[in-house]
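**Student:** Provide a 3D model corresponding to the input given below.
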Amino acid sequence: MTSYQLIIAGSLAIIASYLFSELSKRTSIPSVLMLIGCGAILGQFYPLDQTALAQPLEVLGIVGLVMIVLEGALDLEITRKKLPLIKKSSGMALIGLIGSVLVIGFILHWVFDMKIGNAFLYATPLSVISSAIVIPTVEHLGHDKKEFLIYESCISDILGIMLFYFVIGLMHNTNYVQEISKFSLNLVLTIVISIVTSFGLIFLFKFIKTKVKIFLFLAILMGLYAIEKSLHLSPLILILIFGLMLKNNQMIFRGALANKISRMELKLMENNFHIITRETAFVLRTFFFIVFGMSMVLSSLLDLKALGISIAITALMFLVRWILLNIFGKGLGKPLLSIAPRGLITVLLFYSIPSDLVSPNFPDSIILYVVIFTSLIMTFGLIRNQPKTIKEETELTEQIG
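**Tutor:** Okay, here's the model as predicted:
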């Protein structure tokens with residue numbers, strides 16, 4: 001294709017993604033499914049080399065993930081009144097991830113005769129709820145449900161990535177005590193660095209007078225993300241903390257700090273970041289899922305054994321979710337049961353499995369099946385459970401609180 005043809009193709013992809021998003025609002029069908037389907041159709045006419053696509057797909061996924069988590073963090077308001085909701089969503093994310101990994105891991109170990117470590121490694125990407133799909137999908141839900149799902153999916157992303165690399169570390173280092181100590185130290189170090197860095201970036205905004213500075217800050221964030229990743233830290237924590245501090249600046253910058261930077265400057269910074277991250281996440285999400293669709297081998301969907309296992313895995317994941325929703329509060333509502341899609345993180349982590357830990361027994365089509373099944377379940381759940389009235393949402397808030 002010529003340069004101009006690529007520009008036309010990219011423009012059409014963004015236009016199509018916008019139309020899919022509008023259609024999604026009216027039909028509750030996730031735009032992600034439409035993008036993957038569009039990519040799969042294009043892949044039949046313009047077949048692409050999967051090996052050559054692996055790195056571009058990974059880069060798109062990483063940058064898209066950073067933008068999506070930052071976008072989600074900028075939507076989250078932390079107050080004392082919301083602490084019960086935050087605790088519940090965090091508990092759902094943590095226990096749901098661990099429960100799903102254990103259930104799926106033993107299935108893969110038993111069915112595909114995988115080593116137990118490999119089975120848990122492959123189970124981790126399948127257990128992570130995709131904030132890339134959840135955040136744009138829950139816009140029409142009630143405020144409390146929306147916040148719960150954004151917290152849960154963002155925390156699930158972060159914990160899932162941390163668990164994924166922790167399992168890899170355990171498989172490469174037989175000294176489990178040393179590996180756990182290293183993981184704990186890295187976690188504490190990441191949190192401290194993230195808090196200090198976030199303060200520094202927000203104060204830096206005040207002293208940079210150039211009109212073009214939001215992308216400068218995004219470049220700094222992406223650079224810090226890559227550096228922390230290369231040091232085997234958990235850089236998504238930096239992105240989450242930075243977004244939360246910017247959104248909830250009235251809690252952080254008070255007392256002596258209130259005189260260092262004005263509320264107007266903080267609000268301007270927050271609004272600018274919100275616009276840029278939302279737009280950038282939209283574009284990156286568009287190209288990631290289209291390219292992912294183009295990279296799919298549709299003939300792999302004819303594997304009936306993989307289909308059966310995928311159905312079992314999906315059913316058990318939602319069983320774990322149903323149990324947890326009943327434990328953490330029945331007042332959260334039926335739509336939350338169906339909203340647990342797998343997507344960007346699942347694909348990204350799957351492509352990140354080290355070559356020495358790749359299992360030839362695992363059918364790649366399971367990843368695609370689970371992404372499709374969980375998205376379809378979410379679609380049917382949203383269609384059957386339309387947003388409740390203001391009165392019902394108020395009752396829900398009281399139950400959660």
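**Student:** What pLDDT is listed against the residue lying closest to residue 94 once chain neighbours are set aside?
**Tutor:** In this structure, residue 94 finds its nearest non-sequential neighbour in residue 159, 6.1 Å apart by CB to CB, 6 or more residues apart in numbering. Backbone N, C-alpha and C define where each C-beta goes, glycine included. Confidence at residue 159, expressed as pLDDT, is 86.
**Student:** Over to the one 10 residues further on?
**Tutor:** Taken from the predicted model, the pLDDT recorded for residue 169 is 83.
**Student:** again, but for the one 5 residues further on
**Tutor:** On pLDDT, residue 174 comes in at 73.
**Student:** Where does it sit: helix, strand or coil?
**Tutor:** Put simply, residue 174 is coil when judged by DSSP: H, G, I helix; E, B strand; the rest coil.
**Student:** The residue nearest to residue 94 touches residue 93, doesn't it?
**Tutor:** Yes: checked against CB atoms under 8 Å, the pair residue 159 and residue 93 is within contact range at 6.1 Å.
**Student:** Mutual contacts of these two, please.
**Tutor:** Here residue 159 and residue 93 share no contacting residue, scored by CB atoms under 8 Å, 6 or more residues apart in numbering.
**Student:** for this protein, which spans come out with low pLDDT?
**Tutor:** Scanning the chain with the threshold set as pLDDT under 70 gives 1, 48-54, 255-260, 329-334, 385-401.
**Student:** Name the residue closest to the centre of it, please.
**Tutor:** residue 131 (3.4 Å; CA atoms, centre = their mean).
**Student:** From the chain's centre, how far out is the helix or strand that contains residue 264? Work that out for me.
**Tutor:** Applying DSSP states H and E as the criterion places residue 264 in helix 263-295. Using CA atoms, centre = their mean, to the nearest Å, the mean C-alpha position of helix 263-295 is found 13 Å from that of the whole chain.
**Student:** After it, which helix or strand is next?
**Tutor:** Where DSSP H and E defines the elements, the next helix or strand beyond helix 263-295 is helix 304-328.
**Student:** quick one: contacts of that next one?
**Tutor:** Identification of contacts with helix 304-328 by CB under 8 Å, 6+ apart yields 88, 91-92, 95-96, 99-100, 103-104, 107, 111, 126-127, 300-301, 332, 336-338, 340, 363, 365-366, 369-370, 373-374, 377.
**Student:** And the next helix or strand past that helix?
**Tutor:** Using DSSP H and E, the helix or strand that directly follows helix 304-328 along the chain is helix 335-338.
**Student:** chain center to that following helix: distance?
**Tutor:** Using CA atoms, centre = their mean, the mean C-alpha position of helix 335-338 is found 17 Å from that of the whole chain.
**Student:** one step back: list the contacts of the residue nearest to the centre of the chain.
**Tutor:** So residue 131 contacts 68-69, 72, 150, 153-154, 156-157, 345 (CB under 8 Å, 6+ apart).
**Student:** Contact partners for residue 95?
**Tutor:** residue 324.
**Student:** measure it to residue 129 for me?
**Tutor:** For residue 95, the distance to residue 129 equals 13 Å [CB to CB, to the nearest Å].
**Student:** For residue 109, which non-adjacent residue is closest in space?
**Tutor:** Distance criterion CB to CB, 6+ apart; nearest residue to residue 109, sequence neighbours excluded, is residue 119 at 3.9 Å.
**Student:** so what's that neighbour up against?
**Tutor:** Residues in contact with residue 119 (CB under 8 Å, 6+ apart) are 105-106, 108-109, 112.
**Student:** Quick check on those: which are buried?
**Tutor:** Neighbour-count burial (16 or more other CB atoms under 10 Å) applied to the contacts of residue 119 gives 105, 108-109, 112.
**Student:** Three-state assignment for residue 95, please.
**Tutor:** Put simply, residue 95 is helix when judged by three-state DSSP.
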